[in-house]
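Visitor: Give the three-dimensional model of this entry:
(one chain, ligands or ions: 1)
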Amino acid sequence: MIIIFSLLFGSCDSSGVHYISSENESDLITTKVEPFENYSPFDYTPSSDSMQNVINCSSNSTYMACINPYLYFYNSNVIVRYNPEANSITYLCSDPLCLHNSPDCPFYGLDVLYGFYIYENTIYYRQQYDYQKNGKITDSVNRISAYSINTGELAVLRNLDDSPLSTSNMIFYDHFYLYTDIIFNNETHKSTYNLCRQDLNTKNIEIVLSEESWNTVPLFTYNNVLYIRNSEKKELYSANADTPLEMKKISDDTGKIAFCKDGYFIFKDQQGSLFRMNADSSNIQSLNIKNVDYFYLTDNYIYYTQVDQKLKGKTEDGQDINIDLYSISRIDHDGNNNELVWKNNNSSELLLPKNFVVYGNYIYTVFDYFKVDDFITGISSRSNDFIYARINCDTQDIFYITISVK
Ligand SMILES: [Zn+2]
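Guide: Residues are numbered from 1 along each chain as shown. You can find the predicted model right below:
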């Protein structure tokens with residue numbers, strides 16, 4: 001235990017700071033990533049495979065985003081951009097001396113439950129914090145913020161005031177931001193549930209659909225078609241993104257869903273089986289994979305996790321603990337060539353890749369790590385350093401990426 005902790009906290013130096021001098025990135029600093037407990041030096045093999053950028057198969061991949069050619073990581077204080085080919089990180093705060101611990105930092109108070117979204121070189125996220133004086137709250141910030149990666153400018157997209165943010169889904173398309181909002185009417189004492197869209201340029205908001213109970217959950221748009229889940233009927237609908245009132249049912253409930261840019265869905269039903277169907281819901285095919293927990297699409301593959309092993313044990317303070325260990329496999333988009341990509345092959349040190357992004361031939365996941373000896377001991381990576389693990393799909397080798405608070 002002691003050895004592990006000292007390795008975890010003792011490796012947070014950053015070195016090799018230099019300035020990027022290309023036009024768009026002139027004010028950003030890039031830092032070489034200091035490796036965490038890596039057994040071999042960094043290497044990178046390019047691959048022609050790339051991720052599918054229209055995706056909604058994870059509602060909670062809040063610590064990672066992949067926008068070609070970069071990965072974006074959140075280290076519990078700040079969003080950084082990682083260059084997977086060079087193994088370098090760039091802190092996105094416009095002030096190179098930012099300590100990320102005050103409202104001067106554009107990411108201060110980022111609500112990790114809602115994660116962050118990147119659309120056209122702008123990062124969108126919910127930001128929430130209070131100002132206090134003598135133990136009393138004097139002012140509160142609760143808003144959807146928009147941070148330009150190019151200019152380093154922070155803008156307020158929408159103040160949330162007292163209204164709860166009703167869904168973590170943020171959908172961006174054609175210079176619009178689409179969200180659901182609960183509006184309480186003080187006279188009737190009733191709430192309405194509204195699908196709203198905001199023009200990203202003018203900031204104007206219009207209600208495009210209003211209902212008395214909350215049934216409509218927008219999933220994503222593709223080619224100006226909006227895909228909607230009706231949460232009461234448990235059905236999937238599509239509509240022209242400009243006229244969501246005129247939605248058409250296309251399928252029974254599909255559970256989690258990802259859209260392939262070639263015009264078909266890959267979805268996981270409520271029981272965890274994978275299917276593929278055309279965008280008009282024709283030609284539903286089972287991919288003959290069951291008990292899937294998480295999945296991710298690339299041009300060539302569907303990567304997915306399944307529980308490989310269930311571990312029962314006790315923690316040092318005597319609590320019973322159950323841990324599901326996942327394996328990662330992949331299949332072609334038509335269900336052929338199922339192959340195991342990675343699973344824990346060490347019985348005492350266990351990595352838990354609950355969700356991940358895939359870039360080229362590598363899987364990137366938040367480093368959640370358990371050590372088993374007499375006790376099962378969990379080590380959370382969400383400390384001052386934030387650690388990601390990169391799995392090489394060919395060799396199963398793991399490379400650790402440590403992101404330190406500067
Ligand atoms: Zn900062």
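Visitor: Let me see the contact set for the residue of the stretch 101-250 of the chain found nearest the ion.
Guide: In the stretch 101-250 of the chain, no residue comes nearer to the ion than residue 105, which is 3.2 Å away by Cβ to the ion. The C-beta positions use only the backbone N, C-alpha and C, and glycine is treated the same way. Neighbouring residues of residue 105 by Cβ atoms under 8 Å, 6 or more residues apart in numbering: 77, 78, 93, 98, 99.
Visitor: Surely it is in a strand?
Guide: No - judged by DSSP: H, G, I helix; E, B strand; the rest coil, residue 105 forms no part of a strand; its state is coil.
Visitor: what about it, distance to residue 97?
Guide: According to Cβ to Cβ, to the nearest Å, residue 105 stands 11 Å off from residue 97.
Visitor: what sits in contact with each of the two?
Guide: Counting by Cβ under 8 Å, 6+ apart, nothing touches both residue 105 and residue 97.
Visitor: Of the contacts of residue 105, just say which sits nearest to residue 351.
Guide: Proximity of the contacts of residue 105 to residue 351 (Cβ to Cβ) peaks at residue 77, which lies at 23.4 Å.
Visitor: Do you know the pLDDT at that closest one?
Guide: At residue 77, the pLDDT value in this model is 79.
Visitor: Look up how far residue 197 lies from it.
Guide: 31 Å.
Visitor: just for the stretch 151-300 of the chain, where's the confidence low?
Guide: Low-confidence segments of the stretch 151-300 of the chain, defined by pLDDT under 70, are located at 162-168.
Visitor: mind listing the strands in it by residue range?
Guide: 154-159, 171-173, 176-185, 190-199, 205-211, 216-222, 225-230, 235-240, 248-252, 256-260, 264-268, 274-278, 285-286, 292-297 (DSSP state E, counting those that start in this stretch).
Visitor: Pipe those into a markdown table and attach mean neighbour count and distance to the ion per row.
Guide: Listed next are those as a markdown table, based on neighbours: other Cβ atoms under 10 Å; distance: least, Cβ to the ion, whole Å:
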| stretch | mean neighbour count | distance to the ion |
| --- | --- | --- |
| strand 154-159 | 16 | 11 |
| strand 171-173 | 19 | 23 |
| strand 176-185 | 17 | 24 |
| strand 190-199 | 17 | 26 |
| strand 205-211 | 15 | 29 |
| strand 216-222 | 20 | 30 |
| strand 225-230 | 21 | 35 |
| strand 235-240 | 19 | 40 |
| strand 248-252 | 15 | 43 |
| strand 256-260 | 21 | 32 |
| strand 264-268 | 22 | 37 |
| strand 274-278 | 19 | 40 |
| strand 285-286 | 12 | 47 |
| strand 292-297 | 22 | 29 |
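Visitor: possible to save the ones you listed as a markdown table with distance to residue 131?
Guide: Listed next are those as a markdown table, based on distance: least, Cβ to Cβ, whole Å:
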| stretch | distance to residue 131 |
| --- | --- |
| strand 154-159 | 15 |
| strand 171-173 | 30 |
| strand 176-185 | 25 |
| strand 190-199 | 26 |
| strand 205-211 | 26 |
| strand 216-222 | 34 |
| strand 225-230 | 38 |
| strand 235-240 | 42 |
| strand 248-252 | 48 |
| strand 256-260 | 39 |
| strand 264-268 | 43 |
| strand 274-278 | 48 |
| strand 285-286 | 55 |
| strand 292-297 | 39 |
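Visitor: thinking again about what came up before, for the buried ones among the contacts of residue 105, write the corresponding ChimeraX selection.
Guide: Here is the ChimeraX command that picks out the buried ones among the contacts of residue 105, judged by 16 or more other Cβ atoms under 10 Å:
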select :77,78,93,98
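Visitor: now the helices for the chain?
Guide: For the chain, the helices defined by DSSP state H cover 2-9.
Visitor: what does it put close to the ion?
Guide: 78, 93, 98, 100, 105 (Cβ under 5 Å from the ion).
Visitor: Quick check, the fourth one in contact with residue 93.
Guide: Yes - in this structure, residue 100 sits in contact with residue 93. The criterion is Cβ atoms under 8 Å, and the distance is 6.8 Å.
Visitor: Common neighbours of the two, please.
Guide: Joint contacts of residue 100 and residue 93 (Cβ under 8 Å, 6+ apart) are 78, 107.
Visitor: Pull out the buried residues from stretch 304-322.
Guide: Result for stretch 304-322 [16+ other Cβ under 10 Å]: buried residues 304, 305, 306.
Visitor: Can you flag which of these belong to strands?
Guide: Per DSSP state E, strands hold the following members of those: 304, 305, 306.
Visitor: Looking at these, spot the one nearest the ion.
Guide: Of these, the one sitting nearest to the ion (Cβ to the ion) turns out to be residue 305, at 32.6 Å.
Visitor: what's across from that closest one in the sheet?
Guide: On the basis of DSSP bridges, residue 305 is bridged to residue 294, residue 328.
Visitor: That one against residue 326, yeah?
Guide: Yes - between residue 305 and residue 326 there is a contact at 4.3 Å, judged by Cβ under 8 Å.
Visitor: Residues that sit against both of those two, list them.
Guide: Contacts common to residue 305 and residue 326, judged by Cβ under 8 Å, 6+ apart, are 293, 353, 354.
Visitor: which ones are touching residue 280?
Guide: Taking Cβ under 8 Å, 6+ apart as the test, what residue 280 contacts is residue 250.
Visitor: For residue 299, see how far away it is.
Guide: In terms of Cβ to Cβ, residue 280 sits 22 Å off from residue 299.
Visitor: picking up where we left off before, from the contacts of residue 105, which is closest to residue 248?
Guide: Closest to residue 248, out of all of the contacts of residue 105 and judged by Cβ to Cβ, is residue 78, at 43.0 Å.
Visitor: what are the phi and psi angles of the closest residue to the closest one other than its chain neighbours?
Guide: Of all residues not flanking residue 78 in the chain, residue 100 sits nearest, at 4.4 Å (Cβ to Cβ, 6 or more residues apart in numbering). Note on residue 100: its backbone torsions stand at phi 60, psi 20 [degrees, to the nearest 10].
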